[in-house]
Structures are given as structure tokens and as C-alpha cells.
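> Fold the following for me, if possible:
(2 chains, ligands or ions: 1)
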Amino acid sequence: MGSFISETSNYLFVITILLFLLSDVLVFNNSFNKSVKDIINLSQVILGIFLHAIGYITLLIRSDDIRYFFFFAFQEIIILAVIMIYHTLYPKINKTLLYNMFFFLFVGSIMLSRLKFDLALKQFIYELVILVFSFFVPYIIKRIPSLDKWYFIYAGVGISLLLIVILAGRVVNGSMLAFRIGDMSFQSAEFVKISLVLFLASYLANYKKAKNYIFAIVIALIHIAILVVSRDLGSAGIYFMSMIFLIFVSSENILTILTGAIAGLGSFTLAYIMFDHVKVRVATWLNPWEDIRGSGYQLTQSLFAIGTGGWFGLGLLKGMPYSIPYVSEDFIFSAIGEEMGVFFSCSLIFLYLAVILYMFKLAKSMKNDFYKYTIYGFGVSLATQVVLTVGGGSRFIPLTGVTLPLISMGGSSLWTTILMFSIIQGMVLANEAEEPVEEEEEEDEI
Amino acid sequence: MKYDLKDDLKHLYRHLKNPVNITGLLFAAVFTAMALNIVLYLMNHSYEDINNSSNNRAVMLAKENIRGDIVSNDGTVLATTRIVDGEEVRYYPYANLFAHVVGYSTYGTTGVEQIANMRLVTSNDTLLNKIENDLYGSKDKGDTVVTTLDVNLQEVASKALGVYKGAIVVTNVKTGEILVMVSKSDYDPNTIDTDWESVIADTKSSCLVNRATQGMYPPGSTFKIFDLIEYIKEHPTDYDKYTYTCGGSLKYDNGKKISCYHGMSHGSLSLENAFAKSCNCAFANLALSFDRGMYASTLNTMMFNEKLPLELEYKKSFVEIEDGCSDSTLVQSSIGQGTVLMSPMHLNMVTQGIANDGMVMTPMIIKRIESSGGDSVKIYNPSEYRRILTKEEADIVTEYMRSVVTTGTGDVLKGSTYEACGKTGSAEYGTVKGDSHALFTGFAPMNDPEIAVTVVIEGAGSGGDYAVPIAKRIFDAYFGESYN
Ligand SMILES: [Zn+2]
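Numbers count the residues shown, from 1 in each chain, chains lettered A, B, ... in the order given. From the prediction side, this is the model:
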């Protein structure tokens, strides 16, 4: 039985994620009544737990380390409890969004446990802390109706957080910003993804005239400039995309995107001319094999991992993910490809896409522009993050070194993403509580 | 209800006008492209990339699986792994015969063992077998690499070369499949790890070098093929009007002199005769008339001074001809002497291209990959590499190469039923006058060529006397089956 499960685990992973994708497509479609939807949602929980179980059984059998069993059981109990608390506190919570979030967390916990047990344990504790905190988020959103007037606070908090790190922080990995409080290192750039979107969403929801865009752009550019100076090009890219797309959704003018694309390419060219580290990144992207032991090391090891893993992967614990530097943070997608296979990792790409499209769909159903822009902005921010990390590790675009949402190791990244999900939950709940305005007929095909 | 296209379009327009939907479509496109990029990478480039000595996963997989077999084009085992006293031992049943081309994996990797390393250590065994292996604690068997090599022809070629040092390459003209690759001196790959010290101590024989791809030989008169091609290109309509009277030697560049082989004087010659009899003076005289810049670019097209599409380790061929090069360089090169150097494999590729109406095929050594159970994992298809001649030019060169056999230095092949074409060469080397490598490169049959054969014998003497008879034994063996 054990051999059977561990040898077939990679096929089971693929089947599970494909079924989960299918369930998403079904549930996004509004044509089912509530009881059918509930059944589909229930099956999503089961699929998530199934994937989680297969992963830990495989790890247990291949490593003979009994801790995997206890850790799995511990996680299951806590997460089921969290789900129950959510349902008790907020009976109308959006189950689809919640279960999708847990599915990603399960994939992450399998991969991190495989990389290093202690790492996964630490990450789960971070997860627990933020999940408990997120119980209150929907309540706060509902209770404080003036959140959409706080734009100066969002901007102030964001810029101060970034500045604190410049003044008091230290450089990690050459390009990451963090400051320490006790044992935890806070990466401001992560949390500011939220505050920046909140600033833009609230400001643009209140001021819709074209001349107001200038102020919004200036504030956003201050954020971006600080990141460029501190060499965090990945986060700068994410902020830039949030800015362009939020102005686009508010102005409804397609020219915004074109202008943004030109400005983006222009500033990238400028960065290329000005900074040597950008030149190296681009050269490595164009030909990673040139300096296989030097600047091309990370990317070639990542390509070795994906290529050696092949369609169905080498199997958990059977690859060499540690040959890739920063594998648990920036390159976890390649480690997933190596051991769980490209069928699985590509399905994961589409699962991210599905969730992001679902966020867009939720954004469209908001009656209030602040909610609409915020949810939409989080979707754009997450989508950009996925493109940067997956595309960077697979040589689709130059490497920027960002994390894979909900899967990579890192407290700040995890907290930011879970916060985004719970803010969306809160807004969806608050939206339903509001007086129903005329229902706009909207459908979305996935 | 009546279907109304206009309504539908209106609906679609309204849908597309929504910025949120536009954003969704944009990201959907980018995500799909990103996934597609990974899928295409895996399908097209990943193998060449991961079969890299910097990829430590090969070492890891080699420990995990039993190294797979390498077999010939008819499935005869050329390399396998045997379990001796509980230990895995790599075994080469033909010992020295395929030493260079199949290579070894016991002391580093070379040959097919190297280029297919990742394949051999990866197991695509069936799931059921893998579960069974897991249960019994045994290892999975790596994939089988099916090569294009022909055991019978390889044996004939190796025997024909005998005790001489040198190289023989035989390829399929239509597909570029390598049927034979012999290199001597050789060694026994079964014992290379224990013999290593003595093998590298013996610097005289250089037996580790695969002379077929890494051997750099002066091509001698086989280089006249390139002179002929250049002359045809420069004189497309009246190339056959060229005549020359050979007096046994030619003076050029104030007092320098070249002679025909063994001081022979060929008398009055047409271009075809000069080629068939391999008159040095006639071709040196021809070369002096060339546009040197153009000749240099022709030679470039013929893959001189550039990379070959070969996965096996090889050396780039070298020629010094360029725009404004000296008369001396030009004359010496035109008869394949001086600084010009070629590998036997390169000469064979050009020959194959001529025989294939001017199209060089990418040389193939691996035909397909199978799981140890025989299921197909990957099939390699022949691919065109480069057109070096138009069909018309190839036809003319073929005709001239045929007259080498019918009226010239390749007359050993004259009586054969398969109508061989070719060019001989005797390339002087070293300082002692008269010491020469014997060369022949050719193909058969003339009208619908099947195989291209290239023979280089070190220090044997003239190509016509020594290399052509060896080529004949290979042609005989190949056509003996299909012609009788
Ligand atoms: Zn002569």
C-alpha cells in the first residue's frame, strides 16, 4: 500500500489539482443553486485534504520520519478548526475563495516540509498567527465605513514603512528590504503592496477627475522610487502594475495601459543603462549557460530542476532542490516542477489564474467603488507576483526574485497574501450587507 | 427565439469594454504563454540543457537507477550493466570495436555514454514495475538508447583498417544516420578505469582520441572537391572548357614550386581528367584564378572554421584562405596541404551533402529512446542541416567523382556493380618527403546514393592504393546484401 501510494503520488497530485480546477470552473459559474454549490465546495475541502494527505504519506514512507505524521495531523486539526470558526463567525463567508486559499497553503506545506521540516513548522506558526488575526478583518471592514476616506493614512503608512527599512533595515540577498523585531524579519515591501492598493483604490474611488490622477501617480511613484533605489525591482514592478491597472479601471481608458507599457519599458531601459545588476540579470536571462557557475548559476540550476523533473516529476524527496539557491523563497516553483512534475506545476499556474479571475469577478459585483478597486488591485498585484516568480524561474522573463504567493517560505509574504484574501472576504461580506442596488447582469467565462 | 448576431456582438462589445474583463483577458494570455513556454521548453530544449556536467542530478539518478543499455540499429547490445557479486559493472560486449563512438562511463563519460547520459540514468519503466522494484528494494532500470550504428558494417570496416591508425565514417546519405565510426588506435572500455594510467602514459598512440571527429588531418587531394565546386560556382556555364597541360610541376610566386604526386607528368587535361587523375598542377593553376574572398565564403558554407552540428566531441576544421591571402597559402591549401586541416567526419558530411543533391543532413547517432521494457520514449527524426550546393552543382560534382572511379585514381572500384563515386587523396605530413596519409571519400550508387564512406589511413601511402580498397570492402559488404 505504501509503495503504491508513494510511487503513484505524482499522478494523484495531478489528478487532484485538475479536479480542483474543474470544481473551481463549476463553482465560478453562477448557474448552480446553493445546494449544488455547497456540494462542490465540500468536495474542494476534501480534495485539499486528500492532496495534503498524499503528500505527507509519501514523505513519511520515503523518509521514515514519524514527525511528518504528527505534523500532518496537527495541521489538519487546526485548519479544520479555523474553517469551522470562519463559518461560525461569518456564515456567509465566500467558501470558494477560502478553500482555494487553503489549497495553495497545502501545496506550500508539502513542499516546505519536503525541503526542511523545521522550515515548514515555522511557516505554519506564521500561518496560524495571521489566520487568527484575519478572523477580525471582515468585522473591522464592516464596522468602519469610513475606510475609503483614509487615503492619506494608507499613503503615509506605506511610505513610512518603506523609509523605516531604508533607515533602520539591513540588506538581505543584495536586494531585499527587511527590518527585525525580535526574531521576525519584516519585509516592508510586502505589506506595502496592501497599503498602496488601498491608497489608490480609496483615492480613485473618491476623486474621479483626470487631474486627480496626477496626485495618485506621484504618490505611487514615490513608493516605486524608494524600491528602485533599494534594488527591489520585483516589488517595484508589482507596485507599478497595481498603479497602472487601478488608473485604468477607474478611467476606463485603454490608453492608460498603452501609456503604462511604454513608461514601463522606458524605465526598464533606463534602469538597464543605469544599474549594472540589471544588466547582469538581462544578460543571464538571454544566455544563462554563458556563466553557468557564476551569474547564471541560479537560473541554470532552476532549468535543470524543471527539465530533469519532466512531465511527472522525480517524486518527493527524490530530486535535488537544494542545488538552487533560495529554493524555498524565490525558486519554489522550480522545486515543485522537479519533484511533482511539470503537469502539476503548470496546473498550478492555471489555478492561480482561476483565483485571480475569480477575484476580478467578485470585484465587478461590488456596489461600492472602493471595494471594487481594492479587490481588483489585489488581483493585479497577485497576478504580477506569480508572473514574476514563475516567469523568472522558467526563463520567460528576467529574474527578479519574488515569492510565490501562499507557497513560498517567508512570513511577510504569507501574511500579506492571507491579509489580502481576508480583506476581500470582508468586502464581499460588507457588500452583501449593503442595500441591494439594481443588480447588474454580469457573467464571466473562465 | 430568433438568433440575432447583432445582439450578440453588442453583448460581446459591452463585455469587452469593461476594464476588469480586459485585465482578465490580458492576464489569462500571459499566464497561458508562461505555461506554454515551460511545456515547449520540456518538449524541445530541456534534454540538451540538462545533460550538462554541471547538473548534479545525473550523479544522483545514476545512483538511484541501473544505467540503461546502448544498442545498435538492430537491437544488438553494445553496452549494458551487469550485476557481478552484487555490484553494478558496465559491460561492453564488443570491447574495442565501438570504443570511441559508444564511449565509456566508468571513468568520466565519453561518446554516446556522454551525450545520452541523462537518458541512460532516467527510468521510464512502467508504473507496475516501479512499484514492484520498490517493494523488493531493487533499482529501476534506466532507458535504452537505440543508436544508428550497424554492427556488421562496423566489424567489416574495423577489420579492413587492420593494424593501421586512422578513421572510417559511414553515413546514410538520405538521413545522416551514422552507420560506422571506427577510430584506431583504440582501447578496451571494459577495463579503461583500471588501465587509465597506462593508457594516458602512452602518448604515441593517442588511443583515447576519437580520430573520426577529433582527428585533424590534411585532406590532401580530397580538397580538390572544394576547388572544383568553387570553379563551377565562378564559371557556371563554361567550367568544362578549362584545359591544362601538366609538365609535372608548377612554378608560382617567384620560384616556389609544387609537383604532382611522385613527380608524375599528366600531359594535356580537361577539367574532368585533371580531377580524375588528381593533377596538383592543374588545380593549383585553377585556384590561382579564384576570387579569394568568394572562395573563403564558399569554404565557410562547407563548414570550415565553424561549428559542426555534432553532439559528439569534435574539432573544428581549419582553412587559412581569405580575401587577400598569399598565393602560397592558396596553392598549398588547394591541394589540401599546408595549414588546412579537416576531420574525417566533416569530410564525410560534405560527401553526404553532394550525394544528397546538395543537402547536408544533421548527423544522427541516436535513433530513439526506449524504456527498458521496449516502450518508445522519444524518436529522433532526420533533419536537414544546410544546403551546400544546388542540385545542378551536386550533379556535376557527382559526375566528376564518378570519373575518378572509371578513369582515375579510384579505379579499384571500377568493376563493382554499385557504381561508386569518390575522390582519393594522399596527404603528405611531417618532414619526411613521401610519408603520406591515404584518404578516400565517396558514395554509391551514383544514381540513387545510399551510403557515404570516408576512409583516412595514417602513413599508409597513396589513397588510391590503400584507402580505396578499404572503402571497397565496406561498399561490398553493404551492397552484397541488398544487391544479391
Ligand atoms: Zn599533373
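> Not counting sequence-adjacent ones, nearest residue to B:T222?
Nearest non-adjacent residue to B:T222, counting by C-beta to C-beta, 6 or more residues apart in numbering or on different chains: B:G425, 3.8 Å away. For every residue, glycine as well, the C-beta is placed using N, CA and C.
> For the helix or strand the one you found falls within, buried residues please.
Per DSSP states H and E: B:G425 is located in strand B:421-428. With burial defined by 16 or more other C-beta atoms under 10 Å in any protein chain shown, the residues of strand B:421-428 counted as buried are B:421-428.
> how about the strands in the stretch 301-446 of chain A?
Read by DSSP state E, counting those that start in this stretch, the stretch 301-446 of chain A holds no strands at all.
> residues from it in reach of chain B?
Contacts of the stretch 301-446 of chain A with chain B, taken as C-beta under 8 Å from any C-beta of the partner chain, map to A:303-308, A:310-311, A:318-320, A:323, A:337, A:342, A:345-346, A:349-350, A:352-353, A:356-357, A:360, A:363-364, A:376, A:379-380, A:383, A:386-387, A:390-391, A:394-396, A:444.
> Can you go through those residues and name the buried ones?
Among those, those scoring as buried are A:303-308, A:310, A:318-320, A:323, A:337, A:342, A:345-346, A:349-350, A:352-353, A:356-357, A:360, A:363-364, A:376, A:379-380, A:383, A:386-387, A:390-391, A:394-396, A:444 (criterion: 16+ other C-beta under 10 Å).
> shaky segments in the chain?
Picked chain A for this. A:1-2, A:168-184, A:435-446 (pLDDT under 70).
> wrong one, chain B
If you take pLDDT under 70 as the line, chain B has these spans: B:1-3, B:431-434, B:481-484.
> Can you pull up the most central residue in it?
Among the residues of chain B, the one closest to the centroid is B:M345, at 4.2 Å (C-alpha atoms, centre = their mean).
> Quick check: that one is in a helix.
Yes. Judged by DSSP: H, G, I helix; E, B strand; the rest coil, B:M345 forms part of a helix.
> and the gap between it and chain A?
With distances taken as C-beta to the nearest C-beta, to the nearest Å, B:M345 is found 24 Å from chain A.
> show me what contacts that residue?
B:169, B:181, B:212-213, B:308, B:310, B:314, B:363, B:454 (C-beta atoms under 8 Å, 6 or more residues apart in numbering or on different chains).
> So for the residue of the stretch 301-446 of chain A found nearest chain B, what's the nearest residue that isn't a sequence neighbour?
The minimum distance from the stretch 301-446 of chain A to chain B, using C-beta to the nearest C-beta, falls at A:G307 (3.3 Å). What sits nearest to A:G307 in space, not counting adjacent residues and going by C-beta to C-beta, 6+ apart, is B:S46, at 3.3 Å.
> gap between the one you found and the ion?
B:S46 sits 55 Å away from the ion, going by C-beta to the ion, to the nearest Å.
> That residue: neighbouring residues, count only.
Number of residues near B:S46 (other C-beta atoms under 10 Å in any protein chain shown) recorded here: 21.
> Hmm, A:L303 and it touching each other?
Yes. Proximity of B:S46 to A:L303 meets the contact threshold set by C-beta atoms under 8 Å, at 7.5 Å.
> Could you look up the SS state of B:R368?
What three-state DSSP gives for B:R368 is strand.
> And the next helix or strand past the helix or strand hosting B:S158?
B:S158 belongs to helix B:151-161 when assigned by DSSP H and E. Next along the chain after helix B:151-161, taking DSSP H and E as the criterion, comes strand B:166-172.
> what's in contact with that next one?
By C-beta under 8 Å, 6+ apart, strand B:166-172 touches B:148, B:150, B:153, B:157-158, B:160-161, B:177-184, B:210-212, B:215, B:344-345, B:348-349, B:352, B:363, B:437, B:450-458, B:460, B:470, B:474, B:478.
> partners of that strand in the sheet?
Paired strands of strand B:166-172, with direction, are strand B:178-184 (antiparallel), strand B:451-457 (antiparallel) (DSSP bridges).
> and the last one, how far out from the chain's middle?
The chain centroid and the centroid of strand B:451-457 are separated by 11 Å under C-alpha atoms, centre = their mean, to the nearest Å.
> For chain A, give me its nearest residue in the stretch 101-250 of chain B.
Here the stretch 101-250 of chain B gets closest to chain A at one residue, B:D134, 4.2 Å apart by C-beta to the nearest C-beta.
> Stretch B:251-270 vs the ion: in contact?
Yes. Stretch B:251-270 lies within reach of the ion by C-beta under 5 Å from the ion, at B:260, B:266.
> Span of that stretch from start to end?
Stretch B:251-270 has an end-to-end distance of 20 Å (C-alpha to C-alpha, to the nearest Å).
> which residues are contacting that stretch?
Against stretch B:251-270 from outside (C-beta under 8 Å, 6+ apart): B:221, B:240, B:242-250, B:273-274, B:277-282, B:284, B:288, B:326-328, B:331-332, B:335, B:426, B:462.
> who does the closest residue to the ion within the stretch 101-250 of chain B bridge with?
In the stretch 101-250 of chain B, the residue that lies nearest the ion is B:C246 (3.3 Å; C-beta to the ion). With DSSP bridges as the criterion, B:C246 is bridged to B:G267.
> With the one 4 residues further on instead?
Applying DSSP bridges to B:L250 gives these bridge partners: B:I258.
> Now for it: which residues touch it?
Applying C-beta under 8 Å, 6+ apart, the residues near B:L250 are B:257-259, B:280-281, B:284-285, B:331.
> which one of those residues is nearest chain A?
Looking across the contacts of B:L250 and measuring by C-beta to the nearest C-beta, the closest to chain A is B:V331, at 40.7 Å.
> Report the angle between the strand holding B:G425 and strand B:451-457.
20 degrees (axes from the mean of the first three to the mean of the last three C-alpha atoms, to 10 degrees).
> what lines up beside strand B:421-428 in the sheet?
strand B:436-444 (antiparallel).
> gap between the strand it pairs with and the chain center?
15 Å.
> what do you get for stretch B:397-409?
Centroid separation for stretch B:397-409 versus its chain: 23 Å, with C-alpha atoms, centre = their mean.
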